[in-house]
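[1] Starting from these lines, generate the structure:
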Amino acid sequence: FPVTIIAPAILVNGSGIETLNVVKFSCVSRLDQGIVDSFKDKIIVQPSVYILENWSELDLIEKHRNNEKIFDKVYFNALCYGVRERYIDVLNNSEMFNLKKKDKGGFLPKDIYYHEFSQHKFGMNLDGVAKICYRDLESFGLGVLLFREKLDVLTYEPIESGKHYIELIDSDIKSKINDDSQIPYIIDKVESKINDFISSGELEYVVIS
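    Predicted coordinates:
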């Protein structure tokens, strides 16, 4: 029988999947091409779709999507999974970022959150639990240009760098993010990348609505 599960870890023997007659597996979270290739002789792996945290948030996105974009800053407000907190602390050294820790004083009621987010020209997502995140969908829905690291998870309709988002966090930044001495370098690099993209005239080619 078909099964939709949150993560590909369930595909590994010992998870219990071997006791089931599963013929197709469908998910998004951390599903990359390597997973598909690893299990191609065992099971059909079908990329799926990602959803908002709550269905009701679609109404909030519709409510706020046409708000005036008055802040020339990159906005992010989320739980501090993994290395997210370090990125927030480092990038907030730049005036170009407005990054908040939802679980450390940044929590906002949903309606206020979407209103605040929608007033920013740029959004950001950082790898948390699933690489892809609610922030990605929220940015798309609000017409906010999304900056993030390369997204290699597979979705039914591919999400592509340069088309749906701009790749900002690269391997070089990842290798330096925990080194305090590299903070000025990181700030200079991300600010330059953002400014270069804005001045390039390529904004119209990125899907933001």
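
[2] How about E138, nearest residue that isn't a chain neighbour?
    Leaving aside its chain neighbours, E138 sits nearest to F117 (6.4 Å; criterion: C-beta to C-beta, 6 or more residues apart in numbering). Placement of C-beta: from N, CA and C, glycine included.

[3] now that neighbour: how far from E53?
    Using C-beta to C-beta, to the nearest Å, F117 is found at 13 Å from E53.

[4] ditto for E68
    Remark: distance between E68 and E53 (C-beta to C-beta) = 25 Å.

[5] quick one: which of the two has more around it?
    Neighbours were counted for E68 and for E53 using other C-beta atoms under 10 Å; E53 has more, 11 against 7.

[6] Does the more buried one touch Y134 like I think?
    Yes - using C-beta atoms under 8 Å, E53 makes contact with Y134 at a distance of 5.2 Å.

[7] State which strand of the chain is the longest.
    Taking DSSP state E as the assignment, the strand of the chain that covers the most residues is strand 71-78.

[8] That one: what's the following helix or strand?
    Sequence order places helix 84-91 as the next helix or strand after strand 71-78, per DSSP states H and E.

[9] what residues does that following helix touch?
    By C-beta atoms under 8 Å, 6 or more residues apart in numbering, the residues outside helix 84-91 that reach it are 74, 76, 78, 80, 97, 99-101, 104, 126-128, 169, 177-178, 183, 186-187, 190.
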